[in-house]
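Compute the structure for the input listed below.
(one chain, ligands or ions: 2)
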Amino acid sequence: MVSVKNSEQLAIMRKAGQITGEAILVARDAIREGVSTKELDTRIREYIEKCGAKPTFLGYGGFPGSACISINDEIIHGIPRKDRILQEGDIVKIDVGACYHGFNGDSANTFGVGRISDEAARLIEVTRESFFRGVSEAKAGNRIGDIGSAVFEYATSFGYGVVRKYVGHGVGAELHEDPEVPNFGTRGRGQRLFPGMTSAIEPMINAGTFNVKELSDGWTVKTADGSLSAHYEHTVAITDGEPVLLTKVE
Ligand code: MG
Ligand code: MG
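Ligands and ions are numbered 1, 2, ... in the order given. Okay, here's the model as predicted:
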(Lines give C-alpha, C1' and ligand atoms only; values in the text may rest on other atoms or scores of the structure.)
(Ligands and ions follow the chains in the order given, each with its own letter.)
Protein backbone atom coordinates (compact mmCIF):
# COMPACT_ATOMS: atom_id res chain seq x y z
CA MET A 1 0.00 0.00 0.00
CA VAL A 2 1.27 3.46 -0.90
CA SER A 3 1.24 5.82 2.09
CA VAL A 4 0.44 9.51 1.68
CA LYS A 5 2.03 12.00 4.05
CA ASN A 6 0.15 15.06 5.25
CA SER A 7 1.86 18.41 5.71
CA GLU A 8 2.79 17.75 9.35
CA GLN A 9 4.33 14.40 8.47
CA LEU A 10 6.18 16.00 5.57
CA ALA A 11 7.62 18.60 7.94
CA ILE A 12 8.97 15.82 10.15
CA MET A 13 10.34 14.01 7.10
CA ARG A 14 12.07 17.20 6.03
CA LYS A 15 13.84 17.28 9.41
CA ALA A 16 14.69 13.56 9.21
CA GLY A 17 15.99 14.20 5.71
CA GLN A 18 18.10 17.13 6.82
CA ILE A 19 19.76 15.05 9.55
CA THR A 20 20.36 12.24 7.06
CA GLY A 21 21.93 14.58 4.52
CA GLU A 22 24.10 16.28 7.12
CA ALA A 23 25.32 12.92 8.44
CA ILE A 24 26.58 12.08 4.96
CA LEU A 25 28.49 15.37 4.87
CA VAL A 26 30.04 14.56 8.26
CA ALA A 27 31.30 11.29 6.78
CA ARG A 28 32.42 12.95 3.54
CA ASP A 29 34.53 15.44 5.46
CA ALA A 30 36.25 12.59 7.35
CA ILE A 31 37.14 10.60 4.21
CA ARG A 32 40.88 10.29 3.66
CA GLU A 33 43.47 7.60 3.13
CA GLY A 34 44.03 5.54 6.28
CA VAL A 35 40.58 6.01 7.81
CA SER A 36 38.55 2.88 8.52
CA THR A 37 34.95 2.47 7.43
CA LYS A 38 34.12 1.82 11.09
CA GLU A 39 35.39 5.26 12.00
CA LEU A 40 33.13 6.85 9.38
CA ASP A 41 30.23 4.82 10.72
CA THR A 42 30.88 5.98 14.28
CA ARG A 43 30.92 9.64 13.20
CA ILE A 44 27.61 9.15 11.39
CA ARG A 45 25.98 7.49 14.39
CA GLU A 46 27.22 10.16 16.78
CA TYR A 47 25.96 12.95 14.54
CA ILE A 48 22.50 11.40 14.09
CA GLU A 49 22.16 10.81 17.84
CA LYS A 50 23.33 14.35 18.62
CA CYS A 51 20.42 15.57 16.46
CA GLY A 52 17.94 13.59 18.56
CA ALA A 53 17.38 10.99 15.85
CA LYS A 54 18.19 7.29 15.47
CA PRO A 55 20.29 5.60 12.79
CA THR A 56 17.63 3.67 10.87
CA PHE A 57 20.01 1.03 9.55
CA LEU A 58 21.45 0.01 12.93
CA GLY A 59 19.88 -3.36 13.68
CA TYR A 60 17.65 -3.21 10.57
CA GLY A 61 17.30 -6.87 9.59
CA GLY A 62 20.26 -7.39 11.89
CA PHE A 63 22.59 -4.95 10.09
CA PRO A 64 25.53 -4.19 12.42
CA GLY A 65 26.33 -0.60 11.32
CA SER A 66 24.66 2.81 11.32
CA ALA A 67 25.57 3.33 7.66
CA CYS A 68 26.26 1.08 4.71
CA ILE A 69 29.77 1.85 3.48
CA SER A 70 30.77 0.18 0.23
CA ILE A 71 34.08 0.57 -1.60
CA ASN A 72 34.93 0.31 -5.34
CA ASP A 73 33.23 -2.82 -6.77
CA GLU A 74 30.96 -3.08 -3.73
CA ILE A 75 27.60 -1.67 -4.78
CA ILE A 76 25.62 -1.46 -1.55
CA HIS A 77 25.25 -2.82 2.00
CA GLY A 78 28.96 -2.81 2.89
CA ILE A 79 29.46 -3.45 6.60
CA PRO A 80 31.62 -0.84 8.42
CA ARG A 81 34.74 -2.50 9.78
CA LYS A 82 37.80 -1.49 11.76
CA ASP A 83 40.06 -3.38 9.35
CA ARG A 84 38.57 -1.87 6.21
CA ILE A 85 40.93 1.03 5.52
CA LEU A 86 40.41 3.62 2.79
CA GLN A 87 43.14 3.84 0.16
CA GLU A 88 44.03 6.65 -2.23
CA GLY A 89 41.99 6.25 -5.42
CA ASP A 90 39.11 4.34 -3.82
CA ILE A 91 35.53 5.38 -4.39
CA VAL A 92 33.36 5.12 -1.28
CA LYS A 93 29.60 4.89 -1.14
CA ILE A 94 28.01 6.19 2.05
CA ASP A 95 24.35 5.22 2.51
CA VAL A 96 22.58 6.62 5.58
CA GLY A 97 19.13 6.54 7.13
CA ALA A 98 17.95 8.64 10.08
CA CYS A 99 14.68 8.23 11.93
CA TYR A 100 13.28 11.38 13.56
CA HIS A 101 9.97 11.39 15.45
CA GLY A 102 8.94 8.21 13.67
CA PHE A 103 9.85 9.16 10.09
CA ASN A 104 12.88 8.27 8.01
CA GLY A 105 15.26 9.89 5.59
CA ASP A 106 17.35 7.73 3.24
CA SER A 107 20.23 9.07 1.18
CA ALA A 108 23.49 7.93 -0.39
CA ASN A 109 26.41 9.47 -2.21
CA THR A 110 29.74 8.36 -3.68
CA PHE A 111 33.04 10.08 -2.87
CA GLY A 112 36.62 9.67 -4.03
CA VAL A 113 39.56 9.16 -1.67
CA GLY A 114 42.27 11.58 -2.77
CA ARG A 115 42.95 11.44 -6.51
CA ILE A 116 40.67 9.07 -8.39
CA SER A 117 40.82 7.88 -12.00
CA ASP A 118 39.02 9.75 -14.76
CA GLU A 119 36.95 6.59 -15.27
CA ALA A 120 35.81 6.61 -11.63
CA ALA A 121 35.05 10.34 -11.71
CA ARG A 122 32.94 9.94 -14.84
CA LEU A 123 31.00 7.03 -13.32
CA ILE A 124 30.21 9.11 -10.22
CA GLU A 125 29.09 12.09 -12.29
CA VAL A 126 26.92 10.01 -14.64
CA THR A 127 25.29 8.27 -11.65
CA ARG A 128 24.50 11.62 -10.06
CA GLU A 129 23.11 13.02 -13.31
CA SER A 130 21.03 9.87 -13.89
CA PHE A 131 19.37 10.55 -10.52
CA PHE A 132 18.44 14.06 -11.62
CA ARG A 133 17.10 12.74 -14.93
CA GLY A 134 14.87 10.45 -12.88
CA VAL A 135 13.82 13.19 -10.46
CA SER A 136 12.77 15.43 -13.34
CA GLU A 137 10.04 12.83 -13.99
CA ALA A 138 8.96 12.65 -10.33
CA LYS A 139 5.84 14.74 -10.77
CA ALA A 140 2.21 14.19 -9.86
CA GLY A 141 0.43 12.47 -12.74
CA ASN A 142 3.56 10.74 -14.05
CA ARG A 143 4.25 7.08 -13.32
CA ILE A 144 7.04 5.11 -11.68
CA GLY A 145 8.14 3.85 -15.10
CA ASP A 146 8.83 7.42 -16.21
CA ILE A 147 11.44 7.78 -13.45
CA GLY A 148 13.13 4.44 -14.13
CA SER A 149 13.28 4.82 -17.88
CA ALA A 150 14.85 8.29 -17.56
CA VAL A 151 17.58 6.91 -15.24
CA PHE A 152 18.15 3.88 -17.45
CA GLU A 153 18.33 5.68 -20.78
CA TYR A 154 20.87 8.18 -19.50
CA ALA A 155 23.17 5.71 -17.70
CA THR A 156 23.14 3.10 -20.46
CA SER A 157 23.99 5.75 -23.07
CA PHE A 158 27.48 5.67 -21.49
CA GLY A 159 27.63 1.87 -21.76
CA TYR A 160 27.12 1.46 -18.01
CA GLY A 161 25.21 -1.33 -16.28
CA VAL A 162 22.11 -0.33 -14.32
CA VAL A 163 21.57 -2.56 -11.28
CA ARG A 164 18.21 -4.30 -11.49
CA LYS A 165 18.19 -6.58 -8.49
CA TYR A 166 18.10 -3.67 -6.01
CA VAL A 167 15.75 -0.76 -6.47
CA GLY A 168 14.47 2.45 -4.89
CA HIS A 169 11.38 2.44 -2.71
CA GLY A 170 8.82 4.44 -0.81
CA VAL A 171 10.08 5.92 2.48
CA GLY A 172 8.15 7.12 5.50
CA ALA A 173 7.37 5.60 8.86
CA GLU A 174 9.03 2.51 7.38
CA LEU A 175 12.40 2.57 5.65
CA HIS A 176 11.04 0.50 2.78
CA GLU A 177 7.49 1.22 1.67
CA ASP A 178 5.55 0.71 -1.53
CA PRO A 179 5.98 1.30 -4.34
CA GLU A 180 9.31 -0.03 -5.56
CA VAL A 181 11.16 2.51 -7.69
CA PRO A 182 13.34 0.59 -10.17
CA ASN A 183 16.06 2.31 -12.17
CA PHE A 184 14.56 0.88 -15.33
CA GLY A 185 11.03 0.69 -16.68
CA THR A 186 8.65 1.73 -19.37
CA ARG A 187 7.33 5.25 -19.80
CA GLY A 188 3.68 5.53 -18.87
CA ARG A 189 3.71 2.29 -16.85
CA GLY A 190 3.60 1.56 -13.14
CA GLN A 191 2.14 3.29 -10.10
CA ARG A 192 0.87 6.79 -10.77
CA LEU A 193 2.58 9.50 -8.70
CA PHE A 194 0.57 11.85 -6.52
CA PRO A 195 1.28 14.63 -3.98
CA GLY A 196 2.26 13.35 -0.54
CA MET A 197 4.19 10.33 -1.82
CA THR A 198 7.78 10.15 -0.58
CA SER A 199 10.24 7.91 -2.38
CA ALA A 200 13.92 7.04 -2.35
CA ILE A 201 15.19 7.39 -5.90
CA GLU A 202 18.58 5.69 -5.98
CA PRO A 203 20.44 4.73 -9.13
CA MET A 204 23.15 2.09 -8.60
CA ILE A 205 25.31 2.22 -11.71
CA ASN A 206 28.14 -0.15 -12.63
CA ALA A 207 31.01 0.58 -15.00
CA GLY A 208 30.53 -2.97 -16.40
CA THR A 209 27.78 -5.55 -16.15
CA PHE A 210 24.54 -4.88 -14.25
CA ASN A 211 24.84 -8.34 -12.69
CA VAL A 212 25.61 -8.54 -8.99
CA LYS A 213 26.89 -11.06 -6.50
CA GLU A 214 26.17 -11.25 -2.81
CA LEU A 215 29.01 -11.99 -0.41
CA SER A 216 29.01 -14.66 2.25
CA ASP A 217 28.90 -11.98 4.99
CA GLY A 218 25.17 -11.92 4.23
CA TRP A 219 25.13 -8.21 3.33
CA THR A 220 27.70 -6.87 0.91
CA VAL A 221 26.61 -6.74 -2.74
CA LYS A 222 29.33 -6.46 -5.41
CA THR A 223 29.46 -6.16 -9.17
CA ALA A 224 29.67 -9.64 -10.72
CA ASP A 225 32.61 -8.64 -12.93
CA GLY A 226 34.60 -6.63 -10.37
CA SER A 227 33.91 -3.31 -12.12
CA LEU A 228 33.41 -0.08 -10.16
CA SER A 229 29.97 0.93 -8.96
CA ALA A 230 28.48 4.27 -7.88
CA HIS A 231 25.33 5.11 -5.94
CA TYR A 232 23.37 8.34 -5.52
CA GLU A 233 20.15 8.61 -3.54
CA HIS A 234 17.78 11.16 -2.09
CA THR A 235 14.41 10.92 -0.41
CA VAL A 236 12.05 12.82 -2.71
CA ALA A 237 8.60 14.24 -1.94
CA ILE A 238 6.09 14.42 -4.79
CA THR A 239 4.16 17.71 -4.73
CA ASP A 240 1.70 19.62 -6.90
CA GLY A 241 4.73 21.30 -8.44
CA GLU A 242 8.41 20.43 -8.51
CA PRO A 243 9.67 17.45 -6.48
CA VAL A 244 11.34 18.32 -3.17
CA LEU A 245 14.61 16.60 -2.24
CA LEU A 246 14.16 16.07 1.49
CA THR A 247 17.71 14.81 2.12
CA LYS A 248 19.60 17.35 0.03
CA VAL A 249 21.39 19.84 2.28
CA GLU A 250 23.78 21.58 -0.12
MG1 MG B 1 19.83 4.32 1.16
MG1 MG C 1 17.10 3.45 -0.16
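
Hmm, residue 183 and residue 233 touching each other?
No - counting by C-beta atoms under 8 Å, residue 233 stays clear of residue 183, with 10.6 Å between them. C-beta here means a position set from N, CA and C on the backbone, and glycine is covered the same way.

what is in contact with these two at once?
Taking C-beta atoms under 8 Å, 6 or more residues apart in numbering as the criterion, residue 233 and residue 183 both touch 168, 202, 203.

Can you tell me who the residue nearest to the second one when sequence neighbours are not counted pairs with across the strands?
Take residue 202 and drop its neighbours on the chain: the residue closest to it by C-beta to C-beta, 6 or more residues apart in numbering is residue 233, 3.4 Å away. Under the criterion DSSP bridges, residue 233 forms beta bridges with residue 108.

Report the contact partners of residue 233.
Residue 233 is in contact with 95, 106, 107, 108, 109, 131, 168, 200, 201, 202, 203, 247, counting by C-beta under 8 Å, 6+ apart.

ok so, going back, which ones among the shared contacts of residue 233 and residue 183 map onto strands?
Within the shared contacts of residue 233 and residue 183, residues falling in strands by DSSP state E are residue 168.

So what pairs up with whichever residue of the chain sits closest to ligand 2 in the strands?
Residue nearest to ligand 2 within the chain: residue 200 (3.8 Å; C-beta to the ion). With DSSP bridges as the criterion, residue 200 is bridged to residue 169, residue 235.

how close does it sit to residue 180?
Going from residue 200 to residue 180 by C-beta to C-beta, to the nearest Å gives 10 Å.

what about those two, which has more around it?
Using other C-beta atoms under 10 Å, the more surrounded residue of residue 200 and residue 180 is residue 200, with 26 against 17.

how about the more buried one, what does it touch?
Counted by C-beta under 8 Å, 6+ apart, residue 200 has contacts 106, 107, 168, 169, 170, 171, 181, 233, 234, 235, 236.

Can you tell me how far residue 111 is from residue 139?
In this view, residue 111 and residue 139 are 30 Å apart by C-beta to C-beta.

Which positions in this protein make contact with ligand 2?
Neighbours of ligand 2 within the chain, by C-beta under 5 Å from the ion: 106, 200.

do that again at 6 Å, thanks
For the chain, the contact set with ligand 2 under C-beta under 6 Å from the ion comprises 106, 169, 200, 202, 233.

what is residue 94 paired to in the beta sheet?
residue 69, residue 109.

ok, it touching residue 108?
Yes - Residue 94 is within contact range of residue 108, at 6.4 Å (criterion: C-beta under 8 Å).

Give me the common contacts of those two.
Each of 24, 68 lies in contact with both residue 94 and residue 108 under the rule C-beta under 8 Å, 6+ apart.
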